[in-house]
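Colleague: Next input, structure requested:
(2 chains)
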Protein chains: 2
Amino acid sequence: MTPSQAARAREVGPSSSPHELLHTIQELVADLRREDPPAADAHAIATQVKALLDEAHPADVAGVLEGLPLEDRLWTWNLVGSDREGDVLLEVSDVVRETLLADMDNAEIVAATQELDADEIADLAPDLPEEVVQDIMEAQDVEDRAQLQTALSYGEGTVGSLMDFEVVSIPEDADCEAALQYLRKYDELPGQTDALFVVDRNNRLKGSLALNKLLVTNPDVPVAGIYDADLASFVPESDADEAAQAFERYNLVCAPVTDAQGRLIGRVTVDTVLEYVRDRQEQQELGKVGLREDEDIFASVWQSAKNRGPWLALNLLTAFIASRVVGAFEGSIAKLAALAALMPIVAGIGGNSGNQTTTLIVRALALGQVSVNNARRLLVKELGISALNGALWGSVLGVAAWLLYRNVALGGVMALAMLLNLVVAALAGFFIPLAMERFGRDPAVGSSVFLTFVTDSMGFFIFLGLATIFLI
Amino acid sequence: MTPSQAARAREVGPSSSPHELLHTIQELVADLRREDPPAADAHAIATQVKALLDEAHPADVAGVLEGLPLEDRLWTWNLVGSDREGDVLLEVSDVVRETLLADMDNAEIVAATQELDADEIADLAPDLPEEVVQDIMEAQDVEDRAQLQTALSYGEGTVGSLMDFEVVSIPEDADCEAALQYLRKYDELPGQTDALFVVDRNNRLKGSLALNKLLVTNPDVPVAGIYDADLASFVPESDADEAAQAFERYNLVCAPVTDAQGRLIGRVTVDTVLEYVRDRQEQQELGKVGLREDEDIFASVWQSAKNRGPWLALNLLTAFIASRVVGAFEGSIAKLAALAALMPIVAGIGGNSGNQTTTLIVRALALGQVSVNNARRLLVKELGISALNGALWGSVLGVAAWLLYRNVALGGVMALAMLLNLVVAALAGFFIPLAMERFGRDPAVGSSVFLTFVTDSMGFFIFLGLATIFLI
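Modeller: The predicted model follows:
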């Protein structure tokens, strides 16, 4: 190894480099756009960008494409080597993938998928035109086609959708020497292979033999004596979230997937799980503010507005209903306009407090901590906390309202309304995620809209109602 | 392998089992509490729970302890075998760990850490009393103590804090036979070892040799000819987030960590990264609703209220200031109480829309997509979307207000205020996360409070201001 190679070995890691790659290319492309240079310059820039892309990992190329506006993205996409197009398509986000596919004709798409495995093609399939999927199928040999059909059959969020087919298995009656000989037939083992799966004559999974162990074991030892029969395995219909939790709990690198009869059909690897965990986290984050899908930051204004509009409409509807609660008390407000100034505080703080309760309950649900045995106890606790915080901050705000408006009764109404709305918030914050879970919705995503609706409407109602009784 | 073992191999995986374990033990403990049974029964239940715990993975035992109220948790904790206490302490959340440690005397804690590695002890250290850390240090041999001191020196959020010391390295001038012989000295290789690190005489990292490759290579081939010099490596001071992104991008299982001179000092493994990604996600989620730390769901009302109070206080303060904006227009509201009913809609929808912008900008920042070259373009786009949505939904609400109150001018003010506040929301949603990033704060966590403050205050100001000019 030359010294420059050694230096590179150390330089590759710190992964500010993908961001740097993006910034370098952003600047090169900006030069291209800015100066409208003669063809020679454009050609030089293209050569430079192509060299950078050829050296980069497909994931980093994907990052570059996502970070460029549509016109520049397509210009750059055309510089990606055709043998790497499939890998890059796999790595880009769904919305950006659509923009790239729209720029390719069917033959190009089929060619780009040539190097991909069945599970990878299945990941792309939802974004491909129906006839392209047919063309791809026809270009495959029988075994690959069968795998592709299997892969296409699994729904999102299942273990099947995370599964690949690159299993390396050995018969249970082999010895280590035979296992090693079998392995030498591979040029390279599939990535993330940390163990061989041990199967019987009917391909039924019996256990796993870690490569670690194989390496340190005498070759004439039979596999049967050293393999591990107590391993985590999944069926394709299992929940992907639970598989991800198992990978995290048990520090798995690669786990087998079997059919209902226990026959080995595929595997799930930790890199897929890590990607799944990140994607899901991102989806939840976007879902919380009503973004159905990952939005291309360079999408047109019109597309983006369409993506964001429905959420605003839903929130408008709930805000409008809450506004009608206020409308019912307009007579009181006309007599004492201070009510209008104070009412948003009561409503808002209920939302803040209720969201704390909801966040903790959503987490407890995901960890399986909420049970019939303790639900009542948890509710009582949440009510206790909100009563305590309500008494404390209600008093503070009550005194503030009293001093501000020189009106003791107004202060008292303020304090009492704060206390009551925090109790409402605890109830809503507790029951809304439980109800969403019961109805099969993800409680992490939609709970907040409902909660805010309840705490706003009830906050207005309690405060203005009490004020109307005691002050008007 | 017996048939029952084979059945078990398939049963372990589907990880509803940790939740089931928790529920079984919750019920057993509930029996214990409910019936106040004679000693024999209590003893039988304890034996049963102990048997379940002894069979379970430490991560699952941790899940059980987290899912039990304090009294039951400590009762169960005393049933955990003393040789497994250290592993369980590593797996439980910080707040639950505190409750367990409070139940142990110093000698027990020192004993529990006997089986742990330096990096694991360093993970526990922040929760241990100073004198216990000293005792643990003294109980270590020289090498372990040096590693522990190193591990303790790395701050949270650095690669050093994710690092362990279980590196398996071979000299660059060895051949594969020598490498294999060296490996056979291990009973078992450290978990997640998918490659040997290749070093020179001064322990400087030269590259890595995948176990995969070693297995399929003829033993007399020299290591120098087949190892991979182009690998991702880190220094301990690097940002843990960037390392996590590299693991995801490049599908890493295990990456070396070197000092500034390129000498191999440790490694990061994908299981640690997966746990880190999950923890960070959870912290952000909790941080968004002002929960500083992961809250023990069975903590006392008093403790929980203390954890949640400061956030409510901050939100009260911002709500109070926004309320003073309304207070300035009380004269207008007294004349036209409809303003009080309509103003929360304007404020609320600004918050919703601004949060959409912020969420996308936070994501773009994390991916390095925002640059000097495109910041202006992104801002213009966000303004365009908000103008479009503002015009659309402002018109809808304007018409609703007009019909509801039979007042065309009120409808016009409503529509204009909605439009303007959405533009304000786009500006705030764009600049607040950028400013937080600039000041070194996590934009994912605190942006929302500031944003809501701006959209509430400005929403009230714009709507009531326009109303005062045109309607009063």
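Colleague: In chain A, what helix or strand scores lowest on average pLDDT?
Modeller: Within chain A, no helix or strand scores below helix A:3-11, which has a mean of 35 by mean pLDDT, DSSP states H and E.
Colleague: Going C-terminal from that one, what's the next secondary structure element?
Modeller: The first helix or strand that comes after helix A:3-11 along the chain, using DSSP states H and E, is helix A:16-35.
Colleague: Is that following helix positioned near chain B?
Modeller: Yes: counting by CB under 8 Å from any CB of the partner chain, chain B is contacted by helix A:16-35 at A:Ser16, A:Pro18, A:His19, A:Leu22, A:His23, A:Gln26, A:Glu27, A:Ala30. Yep, even glycine has a C-beta here, placed from its N, CA and C like the rest.
Colleague: And stretch A:264-280, by the same measure?
Modeller: Yes: using CB under 8 Å from any CB, stretch A:264-280 reaches chain B at A:Val270, A:Asp271, A:Val273, A:Leu274, A:Glu275, A:Val277, A:Arg278.
Colleague: Check what pLDDT the last one gets.
Modeller: Per-residue confidence at A:Arg278 stands at 90 (pLDDT).
Colleague: Export the host helix or strand of it to PDB, keeping only CA atoms.
Modeller: Assigned by DSSP H and E, A:Arg278 belongs to helix A:270-288. Coordinates of each C-alpha in helix A:270-288 appear next as PDB, following Å, rounded to 0.1, in the frame of the first residue of the first chain:
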ATOM      1  CA  VAL A 270     -28.900  -5.100  10.100                       C
ATOM      2  CA  ASP A 271     -28.200  -2.500   7.400                       C
ATOM      3  CA  THR A 272     -31.800  -2.800   6.100                       C
ATOM      4  CA  VAL A 273     -33.000  -2.500   9.700                       C
ATOM      5  CA  LEU A 274     -31.000   0.600  10.400                       C
ATOM      6  CA  GLU A 275     -32.400   2.200   7.200                       C
ATOM      7  CA  TYR A 276     -35.900   1.100   8.100                       C
ATOM      8  CA  VAL A 277     -35.600   2.600  11.600                       C
ATOM      9  CA  ARG A 278     -34.400   5.900  10.100                       C
ATOM     10  CA  ASP A 279     -37.000   6.000   7.400                       C
ATOM     11  CA  ARG A 280     -39.800   5.300   9.900                       C
ATOM     12  CA  GLN A 281     -38.500   8.000  12.200                       C
ATOM     13  CA  GLU A 282     -38.500  10.400   9.400                       C
ATOM     14  CA  GLN A 283     -42.000   9.500   8.200                       C
ATOM     15  CA  GLN A 284     -43.300  10.000  11.700                       C
ATOM     16  CA  GLU A 285     -41.700  13.300  12.000                       C
ATOM     17  CA  LEU A 286     -43.100  14.400   8.700                       C
ATOM     18  CA  GLY A 287     -46.500  12.800   9.500                       C
ATOM     19  CA  LYS A 288     -46.800  14.900  12.700                       C
END
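Colleague: what angle do the next helix or strand after it and helix A:270-288 make?
Modeller: Using DSSP H and E, the helix or strand that follows helix A:270-288 towards the C-terminus is helix A:301-327. For helix A:301-327 against helix A:270-288, the angle by axes from the mean of the first three to the mean of the last three CA atoms, to 10 degrees is 50 degrees.
Colleague: Show the subsequent helix or strand relative to helix A:301-327.
Modeller: In N-to-C order, the element after helix A:301-327 by DSSP H and E is helix A:330-335.
Colleague: picking that back up, let's see the PyMOL selection covering just the buried ones among the residues of helix A:16-35 next to chain B.
Modeller: The PyMOL command for the buried members of the residues of helix A:16-35 next to chain B (criterion: 16 or more other CB atoms under 10 Å in any protein chain shown) is given here:
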select buried, chain A and resi 18+19+22+23+26
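Colleague: Looking at the residues of helix A:16-35 next to chain B, which is nearest chain B?
Modeller: Comparing those against chain B with CB to the nearest CB places A:His19 closest, at 3.3 Å.
Colleague: Just give me the neighbour total for the residue lying closest to the closest one once chain neighbours are set aside.
Modeller: Counting by CB to CB, 6 or more residues apart in numbering or on different chains, B:Gly368 is the residue found nearest to A:His19 once chain neighbours are left out, at 3.3 Å. Burial measure for B:Gly368: 20 neighbouring residues, criterion other CB atoms under 10 Å in any protein chain shown.
Colleague: tell me the pLDDT at the residue of the stretch 351-472 of chain A found nearest chain B?
Modeller: Nearest residue of the stretch 351-472 of chain A to chain B: A:Gly368, at 3.3 Å (CB to the nearest CB). A:Gly368 is assigned a predicted lDDT (pLDDT) of 85.
Colleague: Can you name the residues that contact it?
Modeller: B:Pro18, B:His19, B:Leu22, B:His23, B:Gly63, B:Gly67 (CB atoms under 8 Å, 6 or more residues apart in numbering or on different chains).
Colleague: For B:Gln356, see how far away the residue nearest to A:Pro310 when sequence neighbours are not counted is.
Modeller: What sits nearest to A:Pro310 in space, not counting adjacent residues and going by CB to CB, 6+ apart, is A:Gly290, at 6.9 Å. Separation of A:Gly290 from B:Gln356 (CB to CB, to the nearest Å) stands at 7 Å.
Colleague: Could you do A:Leu291 as well?
Modeller: 6 Å.
Colleague: Show me the common contact partners of these two, please.
Modeller: Common contacts of A:Leu291 and B:Gln356 (CB under 8 Å, 6+ apart): A:Arg308, A:Trp311.
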